Structure formats: C-alpha cells, structure tokens
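J.: Make a model of this:
(one chain, ligands or ions: 2)
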Amino acid sequence: MSGKEKIQIAASILSADFSRLGEQAEEALEAGVRWIHVDVMDGHFVPNLSMGPQVVRSLRPIADRFGSRLDVHLMIMEPDRYLAEFVRAGANSVSVHVETCPHLHRTIQEIRALGARSGVALNPATPLSTLEEILPDLDFVLVMTVEPGFGGQEFIPSSLNKIDRLHRILTERGLDRVLIAVDGGVHTQTAGAVVRAGATVLVAGSAIFNDQETVAENLRQLRSAIETSTGRTRKAK
Ligand code: DX5
Ligand code: ZN
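T.: Ligands and ions are numbered 1, 2, ... in the order given. Predicted structure coming up:
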C-alpha cells in the first residue's frame, strides 16, 4: 500500500444506543467519520434481527449535513427484493453476501443501476475464489472477520491472510480502485494488522459505541492505533 492511501473508519451503528441513534451518528460524524455502516439482518441468513430502510431514511438528513456515506450491509436472504427500497431510502452503497446471491452479477448490476456503489460481503469460510469473475464490477469487497449477526465478537485471526491475498489479487489485476473493507472485531488491538494486510475501510461497532468512552475518544484511540502500528502517516477519517 502507498503511504498516501487514506483509511476510512466506518461506524457501525449496530452497537449504538438506539434510543438516541441520531445523536450517536452525529457524534461519530462530528469526530470525522464519513461512512455510517447500517447492518440489516433478517433472522434467517443470520440468527438476529436488526433494522430496515426506515433507519436509513431517518439517518439520511444527518449524514447529508456532513457529506457522509450511508453504507448498507444486507445480511438477508433474497436481497434483490429490497435493493430499490434501501437505495430510495438513502443508501449510497449496498453490500450483499455472496452466500445469498445465486445471480450475483445481476444483483451487482442492479445496485449500480439504482445509483449506489456495490459491495460483496464474504463470510469467514467463503473463499475469495467466489469473487474471481465479479471483481471488476465491484466498488468494494467486505471481508467478514467474524461470523455475521452480532456486534462485539472476537476477530478471527486467519482473516488477515485472506485480506492480504485479496490485496495481492487486486493489485495483480490492476483493480486497486476496488476497496477492501473489513467488518467484525476491529478495535485498537486488531486495526493495525488489518490495515497492514491491505484493508482501506475499517468497519467498527463496539469499539466506537460503548460505555467505556465517548465516541470521539474511541475514534481517537482507533486512529492512533492505526497510525502507530502501521508506522506511516495515513489519515484515518
Ligand atoms: C456483524 C456486523 C458488524 C458489526 C461489527 O454482523 O456486520 O458490522 O456491527 O461489530 P463489532 O465492530 O463490534 O465487531
Ligand atoms: Zn456489518
């Protein structure tokens, strides 16, 4: 990676205090975050239920004030049925799981036709080879570093090798514009290694929204961990 590459921190609101969701999103935005990550779960593809398009719609005006992206991570079966609704609600980017999409090419084209950026998420046990044909059509790959479904889980260490291999593949194929996003167990102890392996977008939930510190302080610590352990001057927004 070049030292000029900017690392984005995507704040996953799954761990936010839902009774004051708008405020929590604003705290992250005020602290410089420019990606708000919205986790959508159906109790079927993953064993948990979370939120739907109305949350995206409510956050849209807040994100607009900061010129920020709303990034929707669909952990649902048959995501095609809901793509238009989420983009109409205000999603700037949508990721679908390769495990849920038998016609992935069509799904990706549909996301792009709707005017959003397209991402594909991979469960920890899903090989990178499932993306071989589709990589040039993507804006980002979301590498899951926990089993999707819940916040606050432990980072799966073998994922680092997967991120590194994906980074190499993208470089070899001249696809550096395809971002590598990493989701699950990202905190001050793991963020540096994730960036060194080649990730440029770090999704973090419980490391940002928790009872220990303010959102601004948590973000400061996360950025400082990234800068220290990469030993390079990269800006983590
Ligand atoms: C998990 C979600 C994540 C989750 C990450 O299925 O996709 O975005 O919020 O939570 P942490 O950062 O706490 O592991
Ligand atoms: Zn997520």
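J.: which bits of the chain sit near ligand 2?
T.: Applying C-beta under 5 Å from the ion, we find that the chain lies next to ligand 2 at 39, 73, 183. All C-beta atoms are positioned from the backbone trio N, CA, C, and that covers glycine.
J.: switch the cut-off to 8 Å
T.: 12, 14, 37, 39, 73, 75, 121, 142, 144, 148, 183-184, 203, 205 (C-beta under 8 Å from the ion).
J.: Is it correct that G67 is in contact with V33?
T.: No. Contact criterion C-beta atoms under 8 Å: G67 and V33 do not qualify, at 11.5 Å.
J.: Regarding stretch 85-98, how distant is the last residue from the first?
T.: Its start and end residues considered, stretch 85-98 measures 20 Å (C-alpha to C-alpha, to the nearest Å).
J.: same question, stretch 126-145
T.: Start to finish, the residues bounding stretch 126-145 are 11 Å apart (C-alpha to C-alpha).
J.: List the buried residues of that stretch.
T.: For stretch 126-145, a neighbour-count test (16 or more other C-beta atoms under 10 Å) marks 126, 131, 134-135, 137-145 as buried.
J.: Ok, stretch 112-125 next?
T.: 114, 116-123.
J.: Also near ligand 1: which of those, exactly?
T.: Filtering the buried residues of stretch 112-125 for proximity to ligand 1 by C-beta under 6 Å from any ligand atom leaves nothing.
J.: quick one, which of G67 and V33 is more surrounded?
T.: V33 (25 against 8; other C-beta atoms under 10 Å).
J.: Need the residues that contact stretch 43-55.
T.: Outside of stretch 43-55, the residues within contact range by C-beta atoms under 8 Å, 6 or more residues apart in numbering are 13-14, 21, 38-42, 75-77, 82, 85-86, 88-89, 97, 99-100, 148-150.
J.: Report the buried members of those residues.
T.: Among the contacts of stretch 43-55, those classed as buried by 16+ other C-beta under 10 Å are 13-14, 21, 38-42, 75-76, 82, 86, 89, 97, 99-100, 148-150.
J.: that's a helix at S206, yeah?
T.: No. S206: not assigned to a helix; according to DSSP: H, G, I helix; E, B strand; the rest coil it is coil.
J.: you'd agree it is up against H187?
T.: Yes. Look at S206 against H187 with C-beta under 8 Å: they come within range, at 7.5 Å.
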